[in-house]
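Enquirer: From the sequence below, what's the structure:
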Amino acid sequence: MEYQPRVVDESLRDLLRIAGAVLVEGVRACGKTETGEHLSRSSVRLDVDDAARELADLAPARLLDGAAPRLIDEWQLAPQLWNHVRRAVDQRREPGQFILAGSAIPADDVTRHSGAGRILRLRMRPMTLMEAGRSTNEVSLQEILDGMDAVDGASALSIEEIATALCIGGWPGMQNLSAKDAQRLLRSYLDDVARADLPDVDDTRRDPARVRRLISAYARHVATPATLATIVRDTGTDEADVLYPTTARAYIDALERTMTIEEQPSWGPHLRSRDTVRGAGIRHFVDPSLAVAAMNGSVDRLLGDPNTFGLLFESMVVRDLRVFAQALDGEVRHYRDSAGTEADAIIQLRDGRWIAIEIKLGQSRVEEAATSLKKLVQKIDTSRVGEPTALVVITGGQYAYTRRDGVHVVPAGCLGA
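Expert: Numbering: from 1, shown residues only. Next up is the predicted model:
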């Protein structure tokens, strides 16, 4: 199969130029192996090579022999390789020696020797709408952050096609499937997460049925700042079925270690007002298609439930913004305060530039979103954080344009890196 270029490719190339090894971390099936093999000259796959896993115990240094960059796929199945890679980097003193790819953080992550200065980390996520060929890529996030005056473009995605994209998700191996077939696979995927992936993280035995209940409860609160107590209440229909908070917390921690879920942290700027910034993170799966599967969703069910559809749409946009922002050396946060002012996403770059984004599925809510963004700016002490480079409303609509007040309106089907 022809390799499908990814936004993360250029970041990986850059890191290989300056570091001896790069650790590419990401949820299972997001495309790490294909990307690693595309940019490597030799490889070993520990997930399918029994002999290689045995050699990792007997003579681990032998697995490092091969043309550089050498891909070591699913390295966490033999975590002892970490120190051997670190040592090889020290001995060779050349950048671009190894690509480590992994879909889980090993149980001994906190005890292994630091790879500081030798091994750089790079997060990989499922495909964006742009990478999947569903976005026209007419509006560049980088250009918005560079201060472009006006946006222009037209999305080719109908509401039904957005619902389909939500059900299929950004999984490279599912892009040619129907929404129905992709959801069948994703429900099985979640079963595997509960049954096999979580025990592999820390060798802890867990009841798969209880893990699935937690996953389903978590899915019902995607794109919200739901507390642990709220999620726990949704894990059972009666008191006997409800998970203990400590159990639910342990499950959520394990899901984070497999990178199945990824919380969106809060942005805490200096304020002119006395309002309190809400510090709770926003709940997200790494791809909203998993939330659809956890709730036994479908295209028709999404179209019949605008509220859930809107929350999942927001989660899909956050997924794409995370991919684009990482390539620009930025991060995606959110803002909510005690007065109800909010921004669904704040993108801040290391150089201090920032933009505020509201995400609304329906075009009819653009005015409401623009008003909220302008209200937020009035509260921020811009003498400390600077003026925002842009205010943006991302929608499920058709046309990209810039309003008279300077707020950019961008369909998700136009957004690109």
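Enquirer: where do the strands sit along the chain?
Expert: 21-26, 42-45, 70-73, 98-102, 119-124, 139-140, 153-154, 330-336, 342-349, 354-360, 390-395, 399-402, 408-411, 415-416 (DSSP state E).
Enquirer: Show me what the last one is in contact with.
Expert: Applying CB atoms under 8 Å, 6 or more residues apart in numbering, the external contacts of strand 415-416 come out as 129-130, 135-141, 317, 320, 324, 394. Just so you know, the C-beta spots here come from the backbone N, C-alpha and C atoms, and that holds for glycine as well.
Enquirer: circling back: could you export the strands of the chain as a markdown table, including mean neighbour count and mean pLDDT?
Expert: Formatted as a markdown table, the strands of the chain follow (neighbours: other CB atoms under 10 Å; pLDDT from 0 to 100):
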| stretch | mean neighbour count | mean pLDDT |
| --- | --- | --- |
| strand 21-26 | 23 | 97 |
| strand 42-45 | 18 | 97 |
| strand 70-73 | 25 | 98 |
| strand 98-102 | 26 | 96 |
| strand 119-124 | 19 | 96 |
| strand 139-140 | 21 | 98 |
| strand 153-154 | 16 | 98 |
| strand 330-336 | 21 | 97 |
| strand 342-349 | 22 | 97 |
| strand 354-360 | 25 | 98 |
| strand 390-395 | 26 | 98 |
| strand 399-402 | 18 | 98 |
| strand 408-411 | 25 | 98 |
| strand 415-416 | 24 | 98 |
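Enquirer: out of these, nearest to D238?
Expert: Distance to D238, taken as CB to CB, is lowest for strand 330-336 among those, at 32.5 Å.
Enquirer: That closest one versus strand 342-349: what angle between them?
Expert: Orientation note: strand 330-336 sits at an angle of 160 degrees relative to strand 342-349 (axes from the mean of the first three to the mean of the last three CA atoms, to 10 degrees).
Enquirer: chain center to strand 330-336, what's the gap?
Expert: Here strand 330-336 shows a centroid-to-chain-centroid distance of 13 Å under the convention CA atoms, centre = their mean, to the nearest Å.
Enquirer: Show me what that strand is packed against.
Expert: Where contact means 3 or more CB pairs under 8 Å, 6 or more residues apart in numbering; DSSP states H and E, strand 330-336 is packed against helix 306-327, strand 342-349.
Enquirer: List the buried residues in the first one.
Expert: When burial is assessed from 16 or more other CB atoms under 10 Å, helix 306-327 yields the following buried residues: 308-327.
Enquirer: ok, residues contacting the helix or strand bottoming out on mean pLDDT in the chain?
Expert: Lowest mean confidence among the helices and strands of the chain (mean pLDDT, DSSP states H and E): helix 198-202, at a mean of 80. Outside helix 198-202, the residues within contact range by CB under 8 Å, 6+ apart are 104-107, 204-206, 211, 251, 254-255, 257-258.
Enquirer: Lovely, talk soon.
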